[in-house]
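Q: what's the 3D shape of this:
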Amino acid sequence: MQGRYHWSNTALSPRFFGVHAVGVLPFFVLLLYKSWWLFWLGVGLNLGLFALERSGVTLAACFRYANLLITGRRKAVNRLLDELFR
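A: Take a look at the predicted model:
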């Protein structure tokens, strides 16, 4: 099997009571430091993660796409050994 059905792509994303594990982190911090700002940050983060999952995009794929937008497709390469032995 090749492509997207490789064995390493079979793991499910970590969840805590049905919520993506990244979305639970602000609520764990909220147990120690109570603030409305942190509560609404957690709600917004969970809504964003829910929208990503409904559109079929994973969080890792979203980060890869954001990196592509910021840095571009072509990356500069420094050839230090070529510079030294010229």
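
Q: can I get the helix or strand of the chain with the lowest mean pLDDT as CSV, trimmed to CA atoms?
A: Scoring the helices and strands of the chain by mean pLDDT, DSSP states H and E places helix 80-84 at the bottom, with a mean of 73. Once side chains and other backbone atoms are set aside, the C-alpha atoms of helix 80-84 remain, and they are given as CSV (Å, rounded to 0.1, in the frame of the first residue of the first chain):
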residue,chain,number,x,y,z
LEU,A,80,29.2,26.3,3.2
LEU,A,81,31.5,23.6,2.0
ASP,A,82,31.6,25.0,-1.5
GLU,A,83,32.4,28.4,-0.1
LEU,A,84,35.3,27.0,2.0
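
Q: any stretches of this structure with poor pLDDT?
A: Filtered on pLDDT under 70, the chain yields the residue ranges 1-6, 8-9, 86.

Q: which residue ranges form the strands in this structure?
A: Secondary structure of the chain (DSSP state E): strands located at 15-16, 19-20.

Q: just the ones you listed: most buried one?
A: Of all the strands of the chain, strand 19-20 carries the top mean neighbour count, a mean of 18, counting by mean count of other C-beta atoms under 10 Å. Just so you know, the C-beta spots here come from the backbone N, C-alpha and C atoms, and that holds for glycine as well.

Q: can you give me how far that strand is from the chain middle?
A: Centroid separation for strand 19-20 versus its chain: 13 Å, with C-alpha atoms, centre = their mean, to the nearest Å.

Q: next one: stretch 45-59
A: On the basis of C-alpha atoms, centre = their mean, the separation between the geometric centre of stretch 45-59 and that of its chain is 10 Å.

Q: residues of that stretch that come out buried?
A: Of the residues in stretch 45-59, those with enough neighbours to count as buried (16 or more other C-beta atoms under 10 Å) are 45-46, 49, 59.

Q: of those, which pair is most distant in space?
A: Maximum pairwise distance in these, criterion C-beta to C-beta, is 12.2 Å, between Asn46 and Leu59.

Q: overlap in contacts of the two?
A: His20 (C-beta atoms under 8 Å, 6 or more residues apart in numbering).

Q: tell me which other helices or strands the longest helix anywhere in the chain touches.
A: Here the longest helix in the chain is taken by residue count, with DSSP state H as the criterion, and it is helix 36-54. Packed against helix 36-54 by the contact rule (3 or more C-beta pairs under 8 Å, 6 or more residues apart in numbering; DSSP states H and E) you find strand 19-20, helix 21-32, helix 59-71.
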